[in-house]
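Participant: kindly generate the corresponding structure for this input.
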Amino acid sequence: MVTPVYDTKHIHQLLEAVSDPEIPVLSVNDLGIVRDIRINGHQVEVVITPTYSGCPAMDMIAENIRFYLHSCGYDDVKVTTVLSPAWTTDWMTETGKRKLEEYGIAPPNRLTRDIDAPRRCPRCGSTNTREISRFGSTACKSLYQCNDCKEPFDYFKCH
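Facilitator: Okay, the predicted model is just below:
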């Protein structure tokens with residue numbers, strides 16, 4: 001039997017093992033959706049904010065958090081979703097952005113939020129890219145193509 005440690009830093013570290021179902025290389029910590037961890041006696045409450053208010057992955061993420069913390073010995077786990085303040089790509093970790101690029105998805109461009117700003121191709125590094133569609137494989141991404149290597153790639157939109 002695992003003896004749980006009721007410490008917010010410890011629980012935050014445990015959440016590194018809970019990945020996003022749509023982008024499995026990212027943890028919920030990488031995404032920056034974990035807003036708070038509250039401990040009340042033997043209850044652990046994890047407060048999360050969706051990347052989009054209608055994000056279909058949030059129910060799965062909440063269930064995965066509950067399941068994983070239960071497997072770590074926490075019997076009373078509550079996951080609360082808050083919509084305000086709205087999530088922003090500024091909350092993503094630099095590690096998460098690096099993981100996105102290594103996975104083949106261009107990370108959010110922190111230099112500008114201009115929709116027409118060049119996006120660096122995650123495959124060849126070129127900035128000679130163009131937007132094909134404002135909507136990519138999920139609502140939080142746009143579809144781009146590199147004009148040099150000709151490969152399509154998702155861009156994680158800033159917001």
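Participant: measure how buried I11 is and give me the count.
Facilitator: Using other CB atoms under 10 Å, I11 has 22 other residues around it. Every C-beta, even on glycine, is put in place using the N, C-alpha and C of the backbone.
Participant: which one is it nearest to, not counting chain neighbours?
Facilitator: Counting by CB to CB, 6 or more residues apart in numbering, I11 lies nearest to I37, which is 5.1 Å off, once chain neighbours are set aside.
Participant: contact partners for the one you found?
Facilitator: 8, 11-12, 44-47 (CB atoms under 8 Å, 6 or more residues apart in numbering).
Participant: one more: C146?
Facilitator: Residues in contact with C146 (CB under 8 Å, 6+ apart) are 121, 123-124, 126, 128-129, 152-153.
Participant: give me that answer again for 6 Å
Facilitator: If you count contacts by CB atoms under 6 Å, 6 or more residues apart in numbering, C146 has them with 121, 126, 129.
Participant: out of the residues you listed, which are inside strands?
Facilitator: T129 (DSSP state E).
Participant: top of the contacts of C146 by neighbour count?
Facilitator: With neighbours taken as other CB under 10 Å, the top of the contacts of C146 is C121, carrying 25 neighbours.
Participant: ok, now which ones touch that residue?
Facilitator: 129, 146.
Participant: now it: phi and psi?
Facilitator: Per-residue torsions, C121: phi -60, psi 130 (degrees, to the nearest 10).
Participant: for I65, same thing?
Facilitator: The phi/psi pair for I65 (degrees, to the nearest 10) is phi -60, psi -50.
Participant: for it, grab the count of nearby residues.
Facilitator: Counted with other CB under 10 Å, I65 comes out at 23.
Participant: okay but it is in contact with V46, surely?
Facilitator: Yes: if you go by CB atoms under 6 Å, I65 and V46 touch, sitting 5.4 Å apart.
Participant: overlap in contacts, the two.
Facilitator: V79.
Participant: quick check, nearest of the contacts of I37 to P107?
Facilitator: Nearest to P107, judged by CB to CB, of those is H12 at 21.9 Å.
Participant: so what's the closest one closest to, chain neighbours aside?
Facilitator: H12 sits nearest to I37 (CB to CB, 6+ apart), 5.9 Å away.
Participant: any idea how far the one you found is from E101?
Facilitator: Distance of I37 to E101, given as CB to CB, to the nearest Å: 28 Å.
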